[in-house]
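Participant: Please find the sequence and the predicted model below.
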Amino acid sequence: MKHTICFGEVLVDLLSNKLSQNSNEHEAFTKFAGGAPANVSVAIAKLGGNAYFAGMLSTDSFGDFLHNALKEQGVKTDFMRFTNQAKTALAFVSLDNDGDRTFEFYRDNTADLHFSNNDFSREWFEQCDIFHICSNTLTDKNIRNTTAYGVKFAKQNNSIVSFDINLRLNLWPSNADPREHILPLLKDCSIIKASKEELEYLAGEQSSDEFIAQTLNNGCELFVVTDAGNPMHWYTKNAKQTLHPKKVTMVDATAAGDAFLGGLLYQLGLQNLTPSSFSELCNTPETLTTIFEFASLCGAHAASYKGAFNSLPNEKSLNDFRSAL
């Protein structure tokens, strides 16, 4: 059975108990496993997919916690590496009354940034149909080069590359231009997902439609644009489609986008894709609509619960959630 590899950071989300930063209540933080690509791997595994996580973990207590959390959710950790030379990255997450979040990252020379070219193995990609990344592994020169190296391996082995922009500007050095490092990678990615705000940032002086058309002409097959609970759009070389997500009460948006992507990649993984069959799928609007309806439901499920891994659906919880809507 083919598998999906999610590459990048797994970190500890420390979630605040305060619903408003203007509140005088005592603030406490609860520890959750998180990190965008790790969340996606868990989303795939909980739905029944064959998901591997590839990344570097610290041998500190937080690293042990994250390693065990991934295994408990059914993610295969054979492709993980470990170091005692760096600590685990932390993210302090605060929510407002609508469930929207802000992040404070502690990620200076942390373990996830120490993954190198030599940590990849060509054998990983022999049965890999999807290789998933996000822009958080482009913030530092070493891990940026390693990400490009992994993408090269994936392409050489006919894996489909999925790229979640997932732009966190406060992770980048103050003098960096994220566009300079994100844009060159887009030509190697078959699937690109961006929020409306990320799309506008990447497009720069171009219109969003012009930027998407250019990206599709340069090699992308499927460009997905999300906008929280507002209508989402996806673009292929021949069509644009729109889906209106289910309306839910927002509890915590932390993993909603990752759940959406996990649902999308899980459904695509069921197709036993090759680059050529993926191109054919992108010309089948009815099938894509069904896949996106499933992915959107996964995102809505995650937004309805606190935390990251805990909020991601399995088959039963997703069916129950669908029935309750």
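Facilitator: Yes, it's here.
Participant: For my notes, confirm Asn253 occurs in a strand.
Facilitator: Just so we're on the same page, residue 253 is Ala rather than Asn. No - applying DSSP: H, G, I helix; E, B strand; the rest coil, one finds Ala253 to be coil, outside a strand.
Participant: For it, the count of nearby residues, please.
Facilitator: A total of 20 residues lie near Ala253 under the criterion other CB atoms under 10 Å. The C-beta positions use only the backbone N, C-alpha and C, and glycine is treated the same way.
Participant: Ala228 versus that one, what's the distance?
Facilitator: When distance is defined by CB to CB, to the nearest Å, Ala253 is 7 Å away from Ala228.
Participant: Is it correct that Asn142 is in contact with Leu113?
Facilitator: Yes - with contact defined as CB atoms under 8 Å, Asn142 counts as touching Leu113 (6.5 Å).
Participant: Looking at these two, which is more packed in?
Facilitator: Ranked by neighbour count (other CB under 10 Å), Asn142 and Leu113 place Leu113 first, with 23 against 13.
Participant: Can you pull the phi and psi angles for Cys128?
Facilitator: Geometry field for Cys128 lists phi and psi as phi -100, psi 120, criterion degrees, to the nearest 10.
Participant: So it is in contact with Lys155, correct?
Facilitator: No - in terms of CB under 8 Å, Cys128 does not count as a neighbour of Lys155; the distance is 11.1 Å.
Participant: what about those two, which has more around it?
Facilitator: For Cys128 and Lys155, the more surrounded residue by other CB under 10 Å is Cys128, and the numbers stand at 21 against 17.
Participant: Quick check: which ranges of the chain have low pLDDT?
Facilitator: Scanning the chain with the threshold set as pLDDT under 70 gives 19-24, 95-100.
Participant: if you set the cut-off to 50 instead, what comes out?
Facilitator: Counting by pLDDT under 50, the chain contains no low-confidence segment.
Participant: List the buried residues for stretch 169-183?
Facilitator: Applying a neighbour-count criterion of 16 or more other CB atoms under 10 Å, one finds Leu171, Trp172, Pro178, His181, Ile182 buried in stretch 169-183.
Participant: again with stretch 297-317
Facilitator: Going by neighbour count (16+ other CB under 10 Å), the buried part of stretch 297-317 is 297-309, 311-314.
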